[in-house]
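Visitor: Sequence and predicted structure are below.
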Amino acid sequence: ENIGAHYQYIKYDSFTQNLKGSALLPVTSLANEIIDSSIGMHENFVNMPDLQEITYRSHSACCYGHRSINTETYFQLGLSRTSAGICPPNDKTFCLDQMAKENLAEG
């Protein structure tokens, strides 16, 4: 389901304890990255109740997490990161929140 996708996403509803998304059965390293990143972001949401948004960037992943009242959404572009170090001005990390809102509103 997630092979060749333009993006990966996971949505967690804390009221119903329901999990859905495109990366639930990870078969690629990209899908594994969003799973690992979302676990860390979820822990931050639990430990910091006022936190609503997180952008996570490592040497191999760039993920965005958003929490509303009962829903946590995690989003990652479908392209692997190949560069490390200082972000170039056109790095997709800087607009990941907007891309998540646009892509997830469509589907």
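Guide: Looks like it came in fine.

Visitor: Now do the phi/psi pair for Tyr7.
Guide: Listed backbone geometry of Tyr7 is phi -150, psi 160, with angles given as degrees, to the nearest 10.

Visitor: For this structure, give me the ranges with low pLDDT.
Guide: When the per-residue scores of the chain are filtered using pLDDT under 70, the ranges that remain are 1-5, 26-27, 78-93, 106-107.

Visitor: for this protein, longest helix please?
Guide: Within the chain, and with DSSP state H defining each element, the longest helix by residue count is helix 29-47.

Visitor: Would you indicate which residues of it are buried?
Guide: For helix 29-47, burial by neighbour count (16 or more other C-beta atoms under 10 Å) applies to 30-31, 33-38, 41-42, 45. All C-beta spots, glycine's among them, are computed from the backbone N, C-alpha and C.

Visitor: How is Leu51 assigned, secondary-structure-wise?
Guide: For Leu51, the assignment made with DSSP: H, G, I helix; E, B strand; the rest coil gives coil.

Visitor: Pull the contacting residues for it.
Guide: 44-45, 67 (C-beta atoms under 8 Å, 6 or more residues apart in numbering).

Visitor: what separates it from Ala105, distance-wise?
Guide: In this structure, Leu51 and Ala105 are separated by 22 Å, where distance is defined by C-beta to C-beta, to the nearest Å.

Visitor: And what about the closest residue to Gly40 other than its chain neighbours, helix, strand or coil?
Guide: Spatially, and ignoring its direct neighbours in sequence, Gly40 is nearest to Tyr56 (7.0 Å; C-beta to C-beta, 6 or more residues apart in numbering). Classification of Tyr56 by three-state DSSP places it in strand.

Visitor: Kindly report the same for His66.
Guide: Classified using three-state DSSP, His66 is strand.

Visitor: count of residues packed around the closest residue to Ser14 other than its chain neighbours?
Guide: Nearest residue to Ser14, sequence neighbours excluded (C-beta to C-beta, 6+ apart): Asn70, at 5.0 Å. Counted with other C-beta atoms under 10 Å, residues neighbouring Asn70 total 10.

Visitor: and Asn70, what does it touch?
Guide: If a contact means C-beta under 8 Å, 6+ apart, then Asn70 has 13-15 as its contacts.
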